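Visitor: here's a sequence, model it:
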Amino acid sequence: MMNLRLFCLLFLVLQGQFSFYVNSLSPPDDCAVNCGSMDKSNNRSWIADVNSELFSLVEPPNQQHSDIASTAQPYLKIPYGTARLSHSEFTYSFAVTGGEKCVRLYFYPASYHNLNRSDSFFSVSSGGNTPLPDFNASYAADNDSDPEKTVSEEFCVNVDSGQRLNVTFTPCQTHTGAYAFVNGIQVVSAVSDQRSLCSCWSTKRKTRLIVITMVSLSGLVLMFAIGFLILKQRIKKARVKAHMDNMDPEMLSSHKIKSSLRSAPCRYFSIDEIRIATVNFDDVFLIGVGGFGKVYKGFIDEGTTPVAIKRSNPKLGQGLSEFETEIEMLSQLSHPHLVSLIGYCNDDDEMILVYDFMANGTLRDHLYGSTNPPLSWKQRLESCIGAARGLVHLHRGGKNNIIHRDVKTSNILLDEQWVTKVSDFGLSKIGPSGESKTHITTLVRGSQGYLDPQYYKSQHLTEKSDVYSFGVVLLEVLCGRPPLLRAMEKTKSQGSLVEWARKCHIDGVIDQIVDPVLKGNIATECLSKFIDVALKCLTHDRHQRPPMSDVVEGLEYALQLQEGREDTKISSCHNEGTTDQSL
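Guide: Now for the predicted structure:
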C-alpha cells in the first residue's frame with residue numbers, strides 16, 4: 001500500500017511539473033549590464049550602463065545621485081572593471097516578460113573614489129523580498145578562495161506579466177559611511193536551460209525534464225520506469241543492509257557517519273523517510289526559515305515522534321563542512337541545555353539534520369516580531385540562565401573546549417516545558433588548547449549585531465567571543481528589540497542596541513531601554529545586577545570579560561534578587577504602608 005501511495009505521488013508530481021514546463025515556454029529574457037561602463041562597444045555579451053529599452057536606472061528624487069567608477073585594473077575581466085556606487089538608494093529596472101527570472105550580481109570590492117572598501121554595507125531587494133540583507137561585499141570577498149577576490153551572488157524572482165523586474169540597492173542606514181555598489185547584473189529567464197544562471201536548472205533538472213517529456217508520450221512507459229526504479233532501489237537497500245549486518249561494530253560506526261566524523265554514531269535517515277515525515281516538505285509543516293534554509297516539523301517512527309527537520313540550502317550559507325561540523329559537535333555533546341541531535345540525511349545531495357522538537361520555538365519568537373505573548377521577566381531570567389549553562393558546558397564541559405561562534409536569540413530554543421536549549425552548531429570551532437595558546441585564528445563568521453568587535457578586527461577567536469554575543473542576547477531579552485534597527489523611525493543613537501544601552505547607562509537613565517511590557521515588574525536591585533552582567537560581557541577588551549561560569553553566577557544572583565522582591569511584595573499585602581521599589 002505504501003509503495004502504491006508513493007508511486008501515485010511521484011506520478012502526480014511529474015505530471016504537474018510537465019504541465020508547468022509546457023505552459024512556461026515563453027520567449028526568454030537575457031540581459032547583462034556592465035555597471036558603470038559608458039562604452040557601448042566593449043563587449044557583445046555585456047551592454048553599457050546607459051538607459052535603453054532593456055533597462056533603466058531609477059533614483060528617488062531629492063537625494064544624492066549614484067556615481068560610476070573604474071577599478072583601474074586592466075587585467076580584470078568584464079564586468080569587474082567598472083562599478084556604479086552610491087551612498088543613497090538606487091534601482092535597476094528591467095523590461096522583462098512574465099515568469100521566473102534568475103538574477104546574478106557581480107561585485108569586486110575595491111577602494112572606489114578612495115572610499116573604504118569595508119564600508120560597503122547594503123541590502124539588495126527584488127520582488128518584495130530581500131535576498132541579500134545587510135550584505136558586506138568586502139567581507140564576502142575576504143572569505144572567498146578566489147585570488148582576485150571577486151564575488152557573485154544569485155537568486156530567482158517571479159515577475160507578473162506586464163510588470164518590470166526591479167533590483168534595488170540600499171546602503172545600511174545604521175552604518176556610518178555605508179554605500180552600495182555593483183559591477184554587473186545579469187537577468188535571464190529561468191526556462192532557458194542553456195543560459196540559466198540558477199543551478200533550479202542543474203543536470204538533475206535536465207534529466208527530470210527528459211522524464212517529464214516521456215509523460216506526454218506514454219503514461220504506461222513512465223509507470224513501468226518508476227516501478228523499475230523503485231524495485232531497483234529496494235534491492236540496493238537490501239544489499240546495503242545485508243552488507244552492514246555482517247560488518248564489525250567499529251567499521252559499522254565509521255559508515256554511519258562519514259570518516260571525517262570520529263564521534264559516536266547517530267541515526268541515519270533516508271531521503272524517503274524524511275519526505276514521508278514531512279509529507280514531501282509540505283509548507284503546512286514549515287516552522288522556521290533562516291540563513292541556512294528551512295525547518296519543518298515532522299513525525300518519525302510511524303508518526304509517533306515529533307521532530308524538527310532542518311533542510312540546509314548550500315546557496316544560503318551552510319555547506320558540507322558546516323553540516324559535518326554540526327553532526328560531529330552534537331554527537332559528542334549531551335547536556336540538558338543543549339539541543340539533542342537524533343540523526344541526519346545526506347541522500348540526493350541533501351543536507352538534513354533531525355533534532356528533538358522544541359514546541360515553543362526560539363527565544364526571539366517570545367521577545368518581539370511575533371504574535372506570541374511576551375515572556376515574563378522571571379521567565380526571561382530563567383531562559384538566560386539555561387542558555388548560559390549550556391555555553392558553560394560547551395566551553396568547559398567536554399574533552400574539548402568548543403566555541404559556538406553564532407550565539408543569538410534565534411539559536412536559543414524552548415521546549416514544551418520552557419526549558420532553554422542552545423542550538424545550531426554549524427559554525428562551531430574547537431577552541432585553543434595548551435597554556436601557551438590563547439586563541440585560534442580563523443575567518444570571521446557569525447551574525448551581524450552579535451559579532452565580537454575584537455574577533456572581527458583580528459580574526460582571533462576565543463571563548464570570550466561567545467561571551468560578547470551572549471551580552472547582546474541579555475540586552476535583547478531586557479529591551480525586547482533586535483540588536484540592530486534598520487528602520488528610520490528610530491534615532492541614529494538607538495540604531496545599535498549595545499551603543500544605546502551603554503549611553504543610557506552612562507547617563508543614568510538605563511530604565512529607558514527596558515521593554516515596556518516589563519515596566520513595574522523588575523526589582524531595582526535585580527535590574528542593576530542584570531545590567532552589570534550584560535555590560536561586563538560587552539567590554540571591548542576580551543580579557544576583561546567574565547567567563548560564562550561567572551555569567552551564570554551573576555544571573556542566578558539577579559534571579560534571587562527578583563524572587564526576594566516578589567516574596568516581599570506578597571508579604572507587604574498583609575502590612576499596610578509597606579512600599580515596593582521596582583522599575
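Visitor: I'd like the next helix or strand past the helix or strand of the chain at the bottom of the mean pLDDT ranking.
Guide: When the helices and strands of the chain are scored by mean pLDDT, DSSP states H and E, helix 249-256 comes last with a mean of 41. Sequence order places strand 267-268 as the next helix or strand after helix 249-256, per DSSP states H and E.
Visitor: centre of the chain versus that next one, how much separation?
Guide: A distance of 25 Å separates the centroid of the chain from that of strand 267-268, by C-alpha atoms, centre = their mean, to the nearest Å.
Visitor: now that strand: mean pLDDT?
Guide: Mean per-residue pLDDT for strand 267-268: 87.
Visitor: could you do stretch 40-49 as well?
Guide: Averaged over stretch 40-49, pLDDT sits at 78.
Visitor: one more: stretch 418-429?
Guide: Averaged across stretch 418-429, pLDDT comes to 88.
Visitor: how many residues are close by the nearest residue to Gln73 once chain neighbours are set aside?
Guide: Excluding the flanking residues, the one nearest Gln73 by C-beta to C-beta, 6 or more residues apart in numbering is Gly81, at 6.6 Å. All C-beta spots, glycine's among them, are computed from the backbone N, C-alpha and C. Using other C-beta atoms under 10 Å, Gly81 has 20 other residues around it.
Visitor: so what's Gly81 up against?
Guide: For Gly81, the contact set (C-beta atoms under 8 Å, 6 or more residues apart in numbering) comprises 37, 70-71, 73-74, 183.
Visitor: from Phe135, how far out is it?
Guide: 21 Å (C-beta to C-beta, to the nearest Å).
Visitor: for the nearest residue to Ser376 once chain neighbours are set aside, phi and psi?
Guide: Counting by C-beta to C-beta, 6+ apart, Asn521 is the residue found nearest to Ser376 once chain neighbours are left out, at 7.1 Å. Backbone geometry at Asn521, expressed as degrees, to the nearest 10, gives phi -120, psi 0.
Visitor: is Asn521 in contact with Leu375, as I believe?
Guide: No - between Asn521 and Leu375 there is no contact under C-beta atoms under 8 Å: 11.2 Å.
Visitor: tell me which of those two has more neighbours.
Guide: Leu375 (23 against 17).
Visitor: now the more buried one, what's its secondary structure?
Guide: Classification of Leu375 using DSSP: H, G, I helix; E, B strand; the rest coil returns coil.
Visitor: residues in contact with it?
Guide: Here Leu375 is in contact with 366-367, 383 (C-beta under 8 Å, 6+ apart).
Visitor: ok, the residue nearest to Ser376 to Val514 distance?
Guide: Per C-beta to C-beta, Asn521 is found 9 Å from Val514.
Visitor: burial of the residue nearest to Val444 when sequence neighbours are not counted, as a residue count?
Guide: Leaving out its chain neighbours, the residue that sits closest to Val444 by C-beta to C-beta, 6+ apart is Tyr456, at 5.5 Å. Other residues near Tyr456 come to 14 when the count uses other C-beta under 10 Å.
Visitor: distance of Tyr456 from Glu53?
Guide: Noted for Tyr456: a distance of 45 Å to Glu53, by C-beta to C-beta.
Visitor: then Tyr179?
Guide: Taking C-beta to C-beta, one finds Tyr179 at 29 Å from Glu53.
Visitor: and if you look at Asp347?
Guide: 47 Å.
Visitor: neighbour-wise, which of those two wins?
Guide: Shown here are Asp347 and Glu53; by other C-beta under 10 Å, Asp347 has more neighbours (15 against 6).
Visitor: residues in contact with the more buried one?
Guide: By C-beta under 8 Å, 6+ apart, the contact set of Asp347 is 270-271.
Visitor: list phi and psi for it.
Guide: phi -80, psi 150.
Visitor: so Leu414 sits right up against Arg364, yeah?
Guide: No - assessed by C-beta under 8 Å, Leu414 is found out of contact with Arg364, at 10.3 Å.
Visitor: how far out from the middle of the chain is the helix or strand hosting Ser93?
Guide: Assessed by DSSP H and E, Ser93 sits inside strand 90-95. Relative to its chain's centre, strand 90-95 lies at 27 Å (C-alpha atoms, centre = their mean).
Visitor: so what strands line up beside the next helix or strand after it?
Guide: Using DSSP H and E, the helix or strand that follows strand 90-95 towards the C-terminus is strand 99-107. As defined by DSSP bridges, the strand partners of strand 99-107 come to strand 151-159 (antiparallel), strand 184-189 (antiparallel).
Visitor: looking at the ones you listed, which is buried most?
Guide: Comparing these on average neighbours per residue, with mean count of other C-beta atoms under 10 Å, the densest one is strand 184-189 at a mean of 23.
Visitor: could you chop this protein up by domain?
Guide: Under the assignment automatic domain parsing, the domains of the chain span 30-189, 250-356, 364-572.
Visitor: next one: phi and psi at the closest residue in space to Pro374 that isn't next to it in sequence?
Guide: Spatial nearest neighbour of Pro374, excluding adjacent residues (C-beta to C-beta, 6+ apart): Val517 at 5.0 Å. Dihedral pair for Val517: phi -70, psi -10, per degrees, to the nearest 10.
Visitor: what separation do you get for Val517 and Leu475?
Guide: Taking C-beta to C-beta, one finds Val517 at 16 Å from Leu475.
Visitor: with neighbour numbers in mind, choose between those two.
Guide: Counted by other C-beta under 10 Å, Val517 and Leu475 do not tie: Leu475 has more neighbours, with 22 against 14.
Visitor: please enumerate the strands of the stretch 401-550 of the chain.
Guide: Listed in chain order, the strands of the stretch 401-550 of the chain (DSSP state E, counting those that start in this stretch) span 402-403, 412-414, 420-422, 429-430, 440-441, 460-461.
Visitor: for Ser125, find the nearest of those strands.
Guide: Ser125 lies closest to strand 412-414 among these, at 28.4 Å (C-beta to C-beta).
Visitor: need the residues that contact that closest one.
Guide: For strand 412-414, contacts defined as C-beta under 8 Å, 6+ apart pick out 339, 358-364, 366, 383, 387, 420-423, 473.
Visitor: what's the helix or strand for Gln560?
Guide: Element membership of Gln560 [criterion: DSSP H and E] is helix 548-572.
Visitor: give the rounded mean pLDDT of that helix.
Guide: Average pLDDT, helix 548-572: 85.
Visitor: run through the neighbouring helices and strands of it.
Guide: For helix 548-572, the elements it packs on are helix 377-396, helix 463-479, helix 524-537, judged by 3 or more C-beta pairs under 8 Å, 6 or more residues apart in numbering; DSSP states H and E.
Visitor: make CSV out of those helices and add mean pLDDT and distance to His439.
Guide: CSV is the format used below for these (pLDDT from 0 to 100; distance: least, C-beta to C-beta, whole Å):
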stretch, mean pLDDT, distance to His439
helix 377-396, 95, 14
helix 463-479, 97, 9
helix 524-537, 96, 18
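Visitor: closest one to Gly162 among those?
Guide: With C-beta to C-beta as the measure, helix 463-479 is the member of these nearest Gly162 (43.4 Å).
Visitor: so what secondary structure elements neighbour that closest one?
Guide: Judged by 3+ C-beta pairs under 8 Å, 6+ apart, helix 463-479 is in contact with helix 377-396, strand 402-403, helix 453-458, helix 497-507, helix 524-537, helix 548-572.
Visitor: sweet, I'm off.
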